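>>> fold the stuff below for me.
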Amino acid sequence: MNKFILNGIYGLLGVLMISAFAFKIFQPIQVLPRMQLSPAFDFTDQSKKRLTSEDLRGQFVLYTFTYTNCPAPCYNINETMQEVQSRLSEVQLDGIDVSFVTISIDPERDTPEVLNTYAEAINADTNKWKFATTTNKALLKTIIGSGFETYYEDKGNGNFSLDPAFVLVDGWGIVRAEYRYSTEVSNADRIIRHLGVLAEEVRNSNGTTKYAYEAAHLFLCYAP
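Numbering: from 1, shown residues only. The predicted structure is shown next:
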């Protein structure tokens, strides 16, 4: 390979590296990373109706995990879900539906009747906010632990160890954000902002702007 071609290759690599760092620093287009596929599931909700992951395709979905006997304030999980739901008007969604799903980690006690009573007690809008679980404990552990990468452990006698988390999934069933620490779990502002970023990506992911968003994903999410 002659020196001219070699210099050209090095130059191209240099331009790509500079472009990657420029995207990182200046962020001309903001995107949330495409982290992984969210797990498939087939649950029963508080109304004894089937709720599957496929039912939620085409929507943004905010998932969280708890159990009805979780001692108050239970990491402010319900308060955060309620605040995000009440503030959706702040986000330009352009008709994109946003759903909320609370998955119980205690299917033995959290029957549909118990989940329904719980939802009523916290004044949840169950048209958009579902409470669901499955009686298959092994499958539930796989869905939450491996699929959503959220830790919990049954300590017995209705007691659980739980790392609180919210997981934001887009309309294609891809995990786009996770909120796992105490400073983030109760931060509805961050979730609202991320919903806006996702909605903007959907609006602009047509025509030539689609390629700009794909470049943003490449540079912002995968560049060093």
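>>> what sits against the most centrally placed residue in the chain?
For the chain, residue 168 is the residue whose C-alpha lies nearest the centre (CA atoms, centre = their mean; 1.4 Å). By CB atoms under 8 Å, 6 or more residues apart in numbering, the residues touching residue 168 are 32, 60-63, 175-179, 191, 194-195, 198. All C-beta spots, glycine's among them, are computed from the backbone N, C-alpha and C.
>>> among the residues you listed, name the ones in strands.
In strands, judged by DSSP state E, the following of those are found: 60-63, 175-179.
>>> before we move on, back to that, would you agree the residue nearest to the centre of the chain falls within a strand?
Yes - Residue 168: assigned to a strand according to DSSP: H, G, I helix; E, B strand; the rest coil.
>>> do you know how far it is from residue 50?
23 Å (CB to CB, to the nearest Å).
>>> and for residue 201?
Distance, residue 201 to residue 50, using CB to CB: 30 Å.
>>> one more: residue 118?
19 Å.
>>> okay, now residue 72: neighbour count?
Using other CB atoms under 10 Å, residue 72 is surrounded by 7 other residues.
>>> hmm, back to that, which of the ones in strands among the contacts of residue 168 sits closest to residue 149?
residue 178 (7.5 Å; CB to CB).
>>> would you mind measuring from the closest one to residue 84?
15 Å.
>>> swap in residue 67?
From residue 67 to residue 84 the distance is 20 Å (CB to CB).
>>> one step back: more crowded one of residue 178 and residue 84?
Using other CB under 10 Å as the criterion, residue 178 and residue 84 rank with residue 84 on top: 22 against 18.
>>> which other residues reach stretch 87-100?
56, 58-62, 64, 81, 84-85, 128-130, 171, 188, 192, 195-196, 199-200, 202-203.
>>> just stretch 101-121 next, same as before
43-48, 51, 56, 61-69, 77-78, 81, 126, 129-137, 140, 143-144, 152, 154, 158, 160, 162.
>>> can you list the weak-confidence ranges in the chain?
When residues are selected by pLDDT under 70, those of the chain lie in 1-29, 182-184, 186, 207-224.
>>> which parts of it are helices?
3-26, 77-86, 112-121, 137-141, 182-185, 188-204, 209-216, 222 (DSSP state H).
>>> one step back: quick check on the contacts of stretch 101-121: which are buried?
43-46, 51, 56, 61-68, 77-78, 81, 129-134, 140, 143-144, 152, 160, 162 (16 or more other CB atoms under 10 Å).
>>> out of those residues, list just those in strands.
43-45, 51, 61-66, 129-133, 152, 160, 162.
>>> I'd like the distance between residue 193 and residue 43.
For residue 193 relative to residue 43 (CB to CB), the value is 29 Å.
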